[in-house]
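[1] Provided below for reference: sequence and predicted model.
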Amino acid sequence: DTAAAADKLELARAALQRNPGNKRIEEGYLTMRARHVQEAGSDIALGLAPADSVEGMHANWVAAVGISAARRDATTTAAAAQKRLADLASAAAKNGDDYERRRISVLGDQLRAVQLQKRGKHDAALASARQAAETELTLGAPSGPPDPIKPAWELYGEMLLSAERYSDAVGAFQKSLDWIPQRTPSLLGLARAADRAGNNELAVASYRLIANMPGMHDGSEAVKEATAQLD
């Protein structure tokens, strides 16, 4: 749950403080912090670090800063993060690391999609989110936590759901679950989209998976919603 994640993040921060200048530990901490910001939906004010710092070159963290800024209408920070991601992708290409270039391009397209959605340009936002999802398929499926942190098909599904394209959203969430099985936000999105698309059987099955998933916190919003829908 969110509280437990915050506790683990604090432990990681303490480890970094005990090991100042350790790049590996700092990068691990930044990944955890970026994951917490995005997974918890915490749209707090975050600044973009200098481009030559570990923080400023950490693509996941830059994306988290940009997406949080875009959702708060902090357009200057969001635009700066967009440019930084483009610069990082270019640097990866120059270094011959095409995989990293594609991974960063997913982050850039996701950030662009969120910015376009906030500006009311919904078709363009969906196109950018779809591009991120298609590029994600060229990356290796994660063996652990998602990387990029926000699965691209999941974000695309959420945007389709927001656009009331419920059947299309069902398909996007199913692709996300093919990529990362049993992921709660994708299951929740699938349940909501299926319910609105009139597919009650799929909606119930998805909510039941959430409610009965081992290790799920009974007080989580996902479990509360699933339990309420199944009553």
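    In hand now; what should we look at?
[2] name the nearest residue to the spatially most central residue of the chain, sequence neighbours excluded.
    Among the residues of the chain, the one closest to the centroid is Lys150, at 1.8 Å (CA atoms, centre = their mean). The shortest distance from Lys150 to any non-neighbouring residue, by CB to CB, 6 or more residues apart in numbering, is to Gln38 (5.4 Å). From N, CA and C alone the C-beta is placed, and that goes for glycine too.
[3] and what of Ala124?
    For Ala124, the closest residue by CB to CB, 6+ apart turns out to be Leu116, at 4.7 Å.
[4] which SSE is the one you found in?
    helix 98-118 (DSSP states H and E).
[5] now do Leu161
    Take DSSP H and E as the rule and Leu161 turns out to sit in helix 152-162.
[6] compute the inter-axis angle for that helix and helix 98-118.
    Angle, helix 152-162 to helix 98-118, by axes from the mean of the first three to the mean of the last three CA atoms, to 10 degrees: 10 degrees.
[7] where does pLDDT dip in this structure?
    For the chain, the stretches with pLDDT under 70 are 1-14, 16, 41-45.
[8] ok, Val114 to Glu27 distance?
    Distance, Val114 to Glu27, by CB to CB, to the nearest Å: 24 Å.
[9] how near is Glu136 to Asp178?
    Separation of Glu136 from Asp178 (CB to CB): 12 Å.
[10] more neighbours, the two?
    Glu136 (26 against 12; other CB atoms under 10 Å).
[11] count the neighbours of the residue lying closest to that one once chain neighbours are set aside for me.
    Leaving aside its chain neighbours, Glu136 sits nearest to Ala152 (4.0 Å; criterion: CB to CB, 6+ apart). For Ala152, the neighbour count with other CB under 10 Å is 28.
[12] also Glu134?
    For Glu134, using other CB under 10 Å, the count is 14.
[13] state the helix or strand in which it lies.
    Secondary structure from DSSP H and E places Glu134 in helix 122-136.
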